[in-house]
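# can you look at this prediction? I've put the sequence above it.
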Amino acid sequence: MSSVEVSVVLPAYNEEATIEDTVSVTLETLASFLPDDTFEVIVAEDGCDDRTPEIATRLAADDERVRHIHAEERLGRGGALEYAFERADGETLVYFDTDLATDMRHLEELVESVRSGEYDVATGSRWLPENRADRPPKRGVPSFGYNTLVRAMLRSDLKDHQCGFKAFDRAAFESLAPDVADDHWFWDTELLVKAQRRGFRVKEFPVDWTPKGDSKVDIVRDVFGMGSQILRTWWELSVSPRITRRVSLGAGTILVVVALLLMTQYLNPRTVLEEMAGADPMLVGVSALVYALSWPLRGARYRDILNSMGYRERWGFLTGAVFISQTGNLVFPARLGDGVRAYVVKARRSIPYPSGFASLAVERVFDLLTITLLAGVVLVGLAATGSADQLLAAVTGDVSGGDAAASGQTAIFVAAGVGVAAIAAVAAIVASARTDRNFVRTVVGRLSDDSYADYVAGVVERFVGDVQTVTGDWRSFARVGFGSLLIWGLDVVTALLVFVAFGYDLTPSLVAVGFFAVSVGNLAKVLPLTPGGVGLYEGAFTVIVVPLTPAAIGVPVALSVAIVDHAVKNFVTVAGGVASMAWLNVSLTKAVEESRSAGDVESKAGD
């Protein structure tokens, strides 16, 4: 059994100029208050490309109190520490920066605070009133801002989270380490924050600190990365635990109620109901049948996407999966229904979760791209027939309508901007498929190289790779693209039939306005604020229709058309979803919970 009580880890990356002196000072300081056989010094060499490994190996051979732990590739500062701590023999785990910026006379207090059993974690601080720390503005200003942000957002009681001078009780460390996602500069901050949240005893004491050499922290890249880590940890600790299904449904319901109450301030609900009562029920029923035709097409398109990714499944099953997932989006907020589809294809056809989520992302890209292409076709058609005067007048502002008209113009420009961005994104993905360069890693690497940024880069890479798979094969691209055109075309036709049910003739101008209204309404639904986008779709639809048809359609009629159109589509969706759930024996609530759990597992695996 080892007699080692204290393990001191020195994280070393390209430290050939200082590591030998650092080890010597560390051994001498430890020996001043500990017996020789009760401590060890571990050089945690993190994939160095200088002479540090050779020096560390020699030091370990010359002194049995020294160990060298080598990593073939960079693990990151936190990753290297965790790797070494797991292999250390001591019950008290200590680390400090190899530049010895912290005065070593504080080492005994650091070690004994934990070794004595009084505290579970101890950390030096450069921001307590009693300490002496020479902080130049280049380091002091970012450090002060960072620690202030951590205290405010993560509810930490500590003043300094990143002083490289810390000690942990082994049992506390082993309990905390599995919950720490970062493996670079944010590692110790996350560990300290979670130690406080878990009720461990944490001691912060002042130290004298003098900066030595240039910091290895990149002010732009690493501060950006740590900022993203603060947001991630805040979400994990403060937001995610509160987003239960009951809270989500309650918040979505409240938003809908508030929207309806606000609507009554400028709109008479009785007028809207009277307009809806005047719609032709036969034509409304026809619109429902037309919309129902789009669902087999959705299943066929999803089949083509999965085929291009190497998964061959039956069209009928996939249509049912799409029905169930879209029903989930109507019932639950935050588009949780999207994850349901990944669960269904995993549970029933063993398609891995990453592929299921990626196929959904590909589908969304084609949806957005199709909306943009249809808009261009409509505009070209109107211009060719000379019927675009009214639409052009609305877009350029040469119509009456005041604020409503201005809102419609803004919405059109926003939709156009989103469409242009979608085309540019797909064009960039197709172009990148023809080169061996990894643009995703290059761009993300300029911002940060921590574990979270690496995980984000991996997610983006997988998404881009799956889109490239579909877009790289012109046959697959054509099939999926043509299917998207048919689906969105029927979505627009459904709304136009509702207009007819309200007694309006389908003029070229109304067709164009109907397309824009449906498109912007569906874009509004992308925001995961309410289940099924109820209220969002109707509001956006009305904002577009009223200013573009000021002489013919007022707010009550436009809102009535939007409500009926959305209700028809939701009715068809729910009816198909209920039938599909019975057919495939799928519980919607179980599917949501399983898909959320899968997303959490995938995230932790990426981290």
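That came in fine, so what should we check first?
# for the chain, just list every one of the strands.
Assigned by DSSP state E, the chain shows strands spanning 6-12, 39-46, 66-71, 92-96, 121-125, 165-169, 202-206.
# make a markdown table from those and add mean pLDDT to it.
Converted to a markdown table, those look like this (pLDDT from 0 to 100):
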| stretch | mean pLDDT |
| --- | --- |
| strand 6-12 | 94 |
| strand 39-46 | 92 |
| strand 66-71 | 90 |
| strand 92-96 | 96 |
| strand 121-125 | 95 |
| strand 165-169 | 96 |
| strand 202-206 | 95 |
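# any chance of those in CSV, plus distance to residue 196 and mean neighbour count?
C-beta coordinates here come from the backbone N, C-alpha and C atoms, glycine included. Output for these, formatted as CSV (distance: least, CB to CB, whole Å; neighbours: other CB atoms under 10 Å):
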stretch, distance to residue 196, mean neighbour count
strand 6-12, 22, 25
strand 39-46, 25, 26
strand 66-71, 29, 19
strand 92-96, 18, 26
strand 121-125, 9, 25
strand 165-169, 13, 25
strand 202-206, 6, 19
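# any chance of those in CSV, plus distance to residue 322?
Formatted as CSV, these follow (distance: least, CB to CB, whole Å):
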stretch, distance to residue 322
strand 6-12, 50
strand 39-46, 47
strand 66-71, 46
strand 92-96, 52
strand 121-125, 50
strand 165-169, 50
strand 202-206, 50
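# nearest to residue 564, out of the ones you listed?
Taking CB to CB, strand 202-206 is the member of those nearest to residue 564, at 60.1 Å.
# what pairs with the closest one, and is each one parallel or antiparallel?
strand 121-125 (parallel) (DSSP bridges).
# which residues touch the residue lying closest to residue 370 once chain neighbours are set aside?
Leaving out its chain neighbours, the residue that sits closest to residue 370 by CB to CB, 6 or more residues apart in numbering is residue 484, at 4.0 Å. Shown in contact with residue 484 (CB atoms under 8 Å, 6 or more residues apart in numbering): 301, 366, 367, 369, 370.
# go on, residue 352?
residue 346.
# from residue 324, how far off is it?
Going from residue 352 to residue 324 by CB to CB, to the nearest Å gives 19 Å.
# list the contacts of residue 206.
124, 125, 126, 128, 129, 130, 131.
# what mean pLDDT does stretch 485-501 have?
Mean pLDDT, computed over stretch 485-501, is 91.
# need the residues that contact that stretch.
279-284, 286-288, 290-291, 293-294, 297-298, 301, 367, 370-371, 373-374, 506, 510-511, 514-515, 517-518, 522, 561, 564-565, 568-569.
# which regions of the protein sit below the pLDDT cut-off?
Residues of the chain meeting the criterion pLDDT under 70: 1, 131-141, 212-226, 242-276, 331-337, 374-472, 523-536, 547-548, 550-552, 586-607.
# show me how it divides into domains.
The chain breaks down into these domains under automatic domain parsing: 6-241, 245-606.
# report the contact partners of residue 168.
The contact partners of residue 168, by CB under 8 Å, 6+ apart, come to 85, 92, 93, 94, 114, 120, 121, 176, 191.
# surely the first one meets residue 172?
No. Under the contact definition of CB atoms under 8 Å, residue 85 does not touch residue 172, with a separation of 11.4 Å.
# all helices for the stretch 201-350 of the chain, in order.
221-234, 245-263, 269-277, 281-308, 315-331, 336-349 (DSSP state H, counting those that start in this stretch).
# which strands and helices sit next to the last one?
Helix 336-349 makes packing contacts with helix 315-331, helix 353-385, helix 588-606 when contacts are defined by 3 or more CB pairs under 8 Å, 6 or more residues apart in numbering; DSSP states H and E.
# just the longest one next, same as before
Taking 3+ CB pairs under 8 Å, 6+ apart as the contact definition, the neighbouring helices and strands of helix 281-308 are helix 315-331, helix 353-385, helix 451-472, helix 474-501, helix 555-584.
# these: which one's closest to residue 160?
When the helices and strands packed on helix 281-308 are compared by CB to CB, helix 451-472 sits nearest residue 160, at 22.0 Å.
# could you list every residue that touches the closest residue in space to residue 82 that isn't next to it in sequence?
Using CB to CB, 6+ apart and skipping residues adjacent in sequence, the residue nearest residue 82 is residue 177, 5.9 Å away. Residue 177 sits next to 82, 85, 86, 191 when contact means CB under 8 Å, 6+ apart.
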